[in-house]
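> Predicted model, plus sequence, below.
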Amino acid sequence: MNAILHQTVTSRLRWTTRILMLLLAVASLLAMLHTTQPWPQLAAFAPAVATIVVLSTTTTALLLLLQFKIQKQFFLLPLAGAYAIYALAAITSLLSMHGSPDHANPMTSDTMSNWGAYWQFGFCGFIIIAMAFRKATESFPQLNRIILGKNTVPFMLTPLLGIIVYMLALNAGNLFSAIMSSSPIVTAPLGWGSWIMAAATFVLVRAFCSDDKLVTIFLSIAALSHLCHVSHLLIDNTPFSANWYMAHLLSLFSFTTLLAVLILQLSQFTRDLADSHAYLMEKAHKDSLTGIYNRGYFDETAELEWRRAQRNGTPISLLMLDIDHFKGYNDQFGHVKGDKCLKKIAQALHANMQRPGDFVARFGGEEFVVLLPATTAEGCHAMAQKLHLAVQKLKISAGDHRRVSVSIGHATWNGPYENGSINELLSQADLALYTAKRLGRNRIVRYEDLAHSLAWSKSLFPPGVMSPQ
């Protein structure tokens with residue numbers, strides 16, 4: 001199965017995403033023009049957004065690592081690192097918000113500004129590296145194999161580099177100026193540097209890779225959302241201002257787009273896996289020649305139906321069918337026509353199954369078995385007559401003005417189930433079939449009739465008295 005991230009997109013989806021990015025940019029610009037309007041102060045807004053960002057970015061990073069393990073595409077590692085960095089930043093943001101106990105807060109007044117610059121540059125830098133590697137591996141497919149070699153496990157630790165750098169930035173003191181302070185930062189060099197980095201990320205994502213792949217399309221949307229997010233922070237980062245609210249909403253949009261496609265891929269993978277399982281189960285349960293169920297499926301299902309009949313106290317019936325003189329038919333017409341004859345008869349039998357629980361299976365060679373749950377002896381005999389007539393209607397020539405016919409033996413078990421088994425019922429139907437063949441074939445024999453005959457014979461000729469031959 002090809003990963004969704006690497007699938008080629010349709011022209012319709014390509015234009016839809018372009019329009020979506022245009023609307024996103026226009027909406028962001030319009031919001032910037034109405035920054036003077038007051039917005040309500042929602043104290044729980046920032047923690048809620050940060051929590052969602054933590055969950056979404058962490059999940060995205062883990063899913064990208066899983067993608068790397070499956071696809072062996074190196075660019076997925078720095079891409080996972082980008083989202084791991086943002087997850088750490090969001091966690092730090094949660095811990096540094098008002099209301100956190102001082103002893104649980106790793107951020108001091110000196111280091112409060114450092115992590116903001118770190119995740120801005122780190123997130124964009126990792127995405128640029130990822131796209132550069134993707135572009136390089138498109139031109140040189142063997143590059144992945146050269147870089148990764150045979151052991152991919154050490155490379156899966158690449159996102160840990162982001163954690164190491166993060167810890168250094170957390171304790172670096174006043175390395176950077178404030179991008180996350182509560183005052184406007186239009187004049188802050190670091191703020192403009194973050195904006196230039198975000199803009200470069202969007203441009204390079206579009207330049208490095210064409211928008212014919214889902215990974216490029218969704219990363220383009222994420223990069224544009226991030227650029228708009230930084231733009232709003234540059235204009236006004238005052239808590240509860242219009243730009244502050246818009247920046248947080250855009251961060252949500254930025255870090256859930258790629259997660260959405262990864263979840264879509266996971267759901268498609270689950271569907272494909274279920275379809276593959278159903279296909280393999282069907283192949284395992286179907287006879288390759290006739291297309292009906294095979295002996296293995298009959299053995300499994302018959303045992304289940306026997307236990308169900310035992311629980312419900314209902315009868316269960318079984319028919320055994322054998323194509324008359326089929327060996328002679330094969331010798332006369334060849335195995336190719338013999339196979340066609342088997343297929344026609346099997347399909348005719350299958351077409352006459354009336355209820356969902358009724359089914360016919362190929363028992364072996366030219367023999368078939370029909371299982372009829374919750375069916376009385378009378379109902380079973382009626383089905384036997386119907387199947388016998390269905391084969392006659394096929395009018396398959398057997399030479400010498402003869403038609404292919406079948407012999408049928410059937411039996412019904414009404415209990416007690418504790419004293420029997422499905423194998424015993426099968427033996428009874430097989431005995432009835434054997435009797436039908438001994439009596440001249442092309443007929444139906446009920447085991448119940450044989451049982452009555454045997455009982456009548458034993459009553460006339462008790463043990464020690466020879467019965468007439």
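Alright, I've got the coordinates.

> how near is the residue nearest to the spatial centre of the chain to residue 31?
By CA atoms, centre = their mean, the chain has its centre lying nearest to residue 270, at 0.9 Å. Here residue 270 is placed at a distance of 38 Å from residue 31 (CB to CB, to the nearest Å). To be clear about C-beta, it is placed using only N, CA and C from the backbone, and glycine gets the same treatment.

> what about residue 311, distance to residue 374?
For residue 311, the distance to residue 374 equals 12 Å [CB to CB].

> which stretches of this structure have low pLDDT?
Low-confidence segments of the chain, defined by pLDDT under 70: 1-9, 35-38, 97-118, 144-191, 209-212, 452-469.

> Could you pick out the longest helix of it?
Ranked by number of residues, the top helix in the chain under DSSP state H is helix 242-285.

> what helices or strands is that one leaning on?
Counting contacts by 3 or more CB pairs under 8 Å, 6 or more residues apart in numbering; DSSP states H and E, helix 242-285 is packed against helix 11-32, helix 45-71, helix 76-96, helix 214-235, helix 295-312.

> and if we set it to 6 Å?
Contacts defined by 3 or more CB pairs under 6 Å, 6 or more residues apart in numbering; DSSP states H and E place helix 242-285 against helix 45-71, helix 214-235.

> Which strands and helices lie in contact with the first one?
When contacts are defined as 3+ CB pairs under 6 Å, 6+ apart, helix 45-71 packs onto helix 76-96, helix 242-285.

> In CSV, list those along with distance to residue 143.
Converted to CSV, these look like this (distance: least, CB to CB, whole Å):
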stretch, distance to residue 143
helix 76-96, 13
helix 242-285, 23
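
> Just name the most buried of those helices.
Neighbour counts (mean count of other CB atoms under 10 Å) averaged over each of the helices and strands packed on helix 45-71 peak at helix 76-96, with a mean of 24.

> so how far is whichever helix or strand comes after that one off the chain centroid?
Scanning forward in sequence from helix 76-96 by DSSP states H and E, the next helix or strand is helix 114-139. Relative to its chain's centre, helix 114-139 lies at 31 Å (CA atoms, centre = their mean, to the nearest Å).

> same question, stretch 71-89
The answer for stretch 71-89 is 24 Å, by CA atoms, centre = their mean.

> returning to what we had before: show me which of residue 311 and residue 374 is the more surrounded one.
Ranked by neighbour count (other CB atoms under 10 Å), residue 311 and residue 374 place residue 374 first, with 16 against 9.

> Which of the helices or strands spans the closest residue to the more buried one other than its chain neighbours?
Nearest residue to residue 374, sequence neighbours excluded (CB to CB, 6 or more residues apart in numbering): residue 314, at 4.5 Å. Under the criterion of DSSP H and E, residue 314 resides outside all helices and strands.

> Indicate which one of the helices and strands packed on helix 45-71 is closest to residue 446.
Nearest to residue 446 among the helices and strands packed on helix 45-71 is helix 242-285 (29.1 Å), distances taken as CB to CB.

> orientation of the closest one relative to helix 45-71 in degrees?
Orientation check (axes from the mean of the first three to the mean of the last three CA atoms, to 10 degrees): helix 242-285 against helix 45-71 gives 40 degrees.

> angle of helix 242-285 against helix 295-312?
Using the same axes, to 10 degrees: helix 242-285 against helix 295-312 is 100 degrees.

> Over to residue 361. Which of the three states is it?
Under the three-state scheme (DSSP: H, G, I helix; E, B strand; the rest coil), residue 361 adopts strand.

> Touching, it and residue 298? I think so.
Yes - using CB atoms under 6 Å, residue 361 makes contact with residue 298 at a distance of 4.0 Å.

> Which secondary structure state is assigned to residue 375?
With three-state DSSP as the basis, residue 375 sits in coil.

> which residues touch the residue lying closest to it once chain neighbours are set aside?
Nearest residue to residue 375 in three dimensions, chain neighbours excluded: residue 317, at 4.2 Å (CB to CB, 6+ apart). Applying CB atoms under 6 Å, 6 or more residues apart in numbering to residue 317 gives the contacts 372, 375, 380, 412.

> what's stretch 357-375 in contact with?
For stretch 357-375, the surrounding residues in contact (CB under 6 Å, 6+ apart) are 287, 290, 292-295, 298, 302, 305, 314, 316-323, 326, 349-350, 380.

> Show me how to select, in PyMOL, the buried members of those residues.
Here is the PyMOL selection string for the buried members of these, based on 16 or more other CB atoms under 10 Å:
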select buried, resi 287+290+292+293+294+298+302+305+316+317+318+319+320+321+322+323+326+349+350+380
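
> Which of the contacts of stretch 357-375 fall within strands?
Among the contacts of stretch 357-375, the ones falling in strands (DSSP state E) are 316, 317, 318, 319, 320, 321, 322, 323.
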